[in-house]
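# Output the structure for:
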Amino acid sequence: MGRLSPLGALFTAQFLSAFVDNMILFIALGIIKRDAYPDYYLPFVQSTFLASYILLSPWVGRVADKKPKAKVLIIGNLVKTIGVLMLLVGFDPALSYGIVGIGAVIYSPAKYGILPFLTRGDDELLRANSGLESYTIVAILLGSVVGGVLSDLSITLALLISLLLYCTSIGVNTMIPQDPGNRSITYKNSIREFFSDIAILLKNPQSHYSLIGTGSFWLVSAALRMIIFAWAPLTLGITSGTSISMIIAVTGVGIAIGALVTPYLISIKTYRRTIWFGYVMAGCIMIFLVISSLEVAIAFLLLIGMMGGIYIVPMNTCLQQVGHRTVGEGKTIAVQNFVENGFMFLGVVIYTLGTKNGVSTHISIGATGITLLLLVSYMYIYIRNKDYSIR
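Numbering: from 1, shown residues only. Below you'll find the model as predicted:
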């Protein structure tokens, strides 16, 4: 580890942190099954995690820009560790996962906001974004699988391993160079200034497009993950937490592949091409209305992931580029988190209410595909009205 480059240390710490974040969701699923919580409780648990992003976004961007971002990463992981300890001693999974969410919302602006400090030029920033996204998605993939397997074996063991990995991530965080931060930033009028930052970013066509694009991706991803938890037992007859986690993880494989190939397909200047990959992703989701085979389901989940990876990475980079020139990197990521998690929260809440009221998984799948189609079409119309050509 002593030979890790600054970016290597960031990628490693992010991998470990994201790995555990996704383990915990499946550990929570195991606790929900063990303690016989109602069917809607898993999306409710997910909602508490997302609510943390929405409620704290006005402040965490300023924290990331005011303080050295490497220190903020450590603070975020420490808070996540508290959430795991709460699960270990028997606190409600919704409350405990909400604490993990608070740690994640502290962590997120710093992990992306430090990239311009660690890179030189737009091309290197795009590659760093691609690398960070790839490590994150592989962590989501492996964390989901390992979380499902370990929670089937022993929930206590799974939580202890989670604690160990968070502590390891904290250790790696100490190897990341510390940017100077901006001590002139204050927390006074944070809410008013936060919404002013949102307005600034939405007025810029490039960041407006990127915010709606990344928000639409994560809305659909959150809803699709919840739907697969219910769809797999009903359609494929699969009830094992391990098996379901592996099915969901296939999407992560696809996103990682898509993120890796993105720099060879799309550049900063041609970021508008992402629109077509969004359309393909929406079409693949709709095909789940007629899928009844495990092999076909895996193939389309892989394709959905690949299209999603290519769809989201250039927009992340564009948003950071605009943010660096305008409101600041950390505050830009905080706005992005607010928009993305607001979209995700809305999707998960609607799905939770639908599940409570007996809405079928097929209706949920159709609604998810149509929602993405409408949002991508809005982006297409918006960018054309701004006199940009989609090439």
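# what separates the residue lying closest to Ala232 once chain neighbours are set aside from Ile27, distance-wise?
By the measure of CB to CB, 6 or more residues apart in numbering, the closest residue to Ala232 outside its immediate chain neighbours is Ile238, 4.6 Å from it. Where C-beta positions appear, they are placed from N, C-alpha and C, glycine not excepted. Applying CB to CB, to the nearest Å, the value for Ile238 to Ile27 is 19 Å.
# Which one's more surrounded, those two?
Between Ile238 and Ile27, counted using other CB atoms under 10 Å, the more crowded position is Ile27 (29 against 18).
# State the phi and psi torsions of the more buried one.
Reported as degrees, to the nearest 10, the phi and psi values for Ile27 are phi -70, psi -40.
# Gly358 too?
Summarising the backbone geometry of Gly358 under the convention degrees, to the nearest 10, its torsions are phi 80, psi 20.
# ok, now Tyr53?
In terms of degrees, to the nearest 10, the main-chain angles of Tyr53 are phi -60, psi -40.
# ok, the spatially closest residue to it that is not a sequence neighbour - contacts?
The shortest distance from Tyr53 to any residue that is not its chain neighbour, by CB to CB, 6+ apart, is 3.5 Å, and that residue is Asn341. By CB atoms under 8 Å, 6 or more residues apart in numbering, the contact list for Asn341 reads Leu50, Tyr53, Ile54, Ser57, Val105, Trp218.
# Give me the pLDDT value at the last one.
Think Trp218. According to the per-residue confidence, Trp218 scores 88 in pLDDT.
# Who's the closest spatial neighbour of Ala334, skipping the chain neighbours?
Gly61 (2.7 Å).
# What about that neighbour, how many residues nearby?
Using other CB under 10 Å, the number of residues around Gly61 comes to 33.
# Pull out the buried residues from the helix or strand it falls within.
Taking DSSP states H and E as the criterion, Gly61 maps to helix 41-66. By neighbour count with 16 or more other CB atoms under 10 Å, helix 41-66 contains the buried residues 41-54, 56-66.
# Give me the helices and strands touching the helix or strand just after it, please.
Scanning forward in sequence from helix 41-66 by DSSP H and E, the next helix or strand is helix 69-88. Based on contacts counted as 3 or more CB pairs under 8 Å, 6 or more residues apart in numbering; DSSP states H and E, the elements that helix 69-88 packs against are helix 6-34, helix 93-113, helix 155-173.
# For the longest one, name the packing helices and strands.
When you say that, I think you mean helix 6-34. Counting contacts by 3+ CB pairs under 8 Å, 6+ apart, helix 6-34 is packed against helix 41-66, helix 69-88, helix 93-113, helix 115-118, helix 121-153, helix 155-173, helix 241-265.
# between it and helix 241-265, how many degrees?
In this structure, helix 6-34 runs at an angle of 150 degrees to helix 241-265, with axes from the mean of the first three to the mean of the last three CA atoms, to 10 degrees as the basis.
# Next, the buried residues of helix 6-34.
Of the residues in helix 6-34, those with enough neighbours to count as buried (16+ other CB under 10 Å) are 7, 9-33.
# Equivalent analysis for the last one, please.
Taking 16+ other CB under 10 Å as the basis for neighbour counts, the residues of helix 155-173 that come out buried are 155, 158-159, 161-163, 165-166, 168-170, 172-173.
# now that helix, how far from the centre of its chain.
Helix 155-173 sits 20 Å away from the centroid of its parent chain (CA atoms, centre = their mean, to the nearest Å).
# before we move on, the earlier item: tell me which of the helices and strands packed on helix 69-88 lies nearest to Gly252.
Distances from Gly252 to each of these were compared using CB to CB; the shortest belongs to helix 6-34, at 8.6 Å.
# What is the burial count for Glu340?
Counted by other CB under 10 Å, the residues lying close to Glu340 total 25.
# so where does the spatially closest residue to it that is not a sequence neighbour fall, helix or strand?
Spatial nearest neighbour of Glu340, chain neighbours left out: Trp218 (4.5 Å); criterion: CB to CB, 6+ apart. Trp218 is located in helix 205-231, with elements delineated by DSSP H and E.
# again, but for Ile176
In this structure, Ile176 is located outside every helix and strand according to DSSP H and E.
# I figured it hits Ala9, correct?
Yes: with contacts counted by CB atoms under 8 Å, Ile176 reaches Ala9, the gap being 4.8 Å.
# hang on, the earlier thing: just to check, the residue nearest to Glu340 is in contact with Met344?
Yes: the pair Trp218 and Met344 passes the contact test of CB under 8 Å, sitting 5.0 Å apart.
# The two: which is more packed in?
Neighbour comparison, Trp218 and Met344: the larger count goes to Met344, with 25 against 21 (by other CB under 10 Å).
# Spit out the contact partners of the residue nearest to the more buried one when sequence neighbours are not counted.
Closest residue to Met344 in three dimensions, ignoring its sequence neighbours and counting by CB to CB, 6+ apart: Ala222, at 4.1 Å. Ala222 makes contact with Gln46, Leu50, Met344, Gly347, Val348, according to CB under 8 Å, 6+ apart.
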